[in-house]
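Novice: sequence and predicted structure, then a few things I'm wondering about:
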Amino acid sequence: TEPTGLDAELLNVGADGLAMGLPMQPAEKLRIAIQTGALSAGLDVEVRWQRRVSRDRWELGGLVTGVSLT
C-alpha cells in the first residue's frame, strides 16, 4: 500500500522503529513516499501495532525494513 498524498504525520523515530499517524487504517506493510526538494525517498514499513485514536485518525508503530533514495 502506498499512502501517497495522505496527511501522514511522523510521531516518533527510535532505534527500534517509528510511530506515525494516518487518516486511514494501515495495512500490514506500507510503502511511504517522501518528497522534499531534490530528495525522493521510500520507506518500507512493517506495521507492528495500530490503534484508532479518533473516527478519522489511526496511529501505528512499525519497523523500517527497507529504504530507497533517489
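Specialist: Yes, it's here.

Novice: buried residues, the helix or strand where S68 lies. List them.
Specialist: Assigned by DSSP states H and E, S68 belongs to strand 57-69. Buried residues in strand 57-69, defined by neighbour count with 16 or more other Cβ atoms under 10 Å: 58-62. Bear in mind the C-beta positions are built from the backbone N, C-alpha and C, glycine included.

Novice: now it: average pLDDT?
Specialist: Strand 57-69 carries an average pLDDT of 94.

Novice: name the helices or strands packed onto that strand?
Specialist: Contacts defined by 3 or more Cβ pairs under 8 Å, 6 or more residues apart in numbering; DSSP states H and E place strand 57-69 against strand 17-22, strand 39-54.

Novice: closest to E28 out of these?
Specialist: strand 39-54 (5.6 Å; Cβ to Cβ).

Novice: what is the nearest of the buried residues of strand 57-69 to M20?
Specialist: Closest to M20, out of all of those and judged by Cβ to Cβ, is L60, at 5.5 Å.

Novice: any idea how far G37 is from the closest one?
Specialist: 27 Å (Cβ to Cβ, to the nearest Å).

Novice: so where's this structure uncertain?
Specialist: 1-6 (pLDDT under 70).

Novice: let's go with 80 and repeat that
Specialist: Residues of the chain meeting the criterion pLDDT under 80: 1-7.

Novice: nearest to K29, out of the helices and strands packed on strand 57-69?
Specialist: strand 39-54 (5.7 Å).

Novice: now the strand holding S68: how far from the chain's centre is it?
Specialist: 4 Å (Cα atoms, centre = their mean, to the nearest Å).

Novice: strands paired with that strand, and their directions?
Specialist: strand 17-22 (antiparallel), strand 39-54 (antiparallel) (DSSP bridges).

Novice: understood, closing this out.
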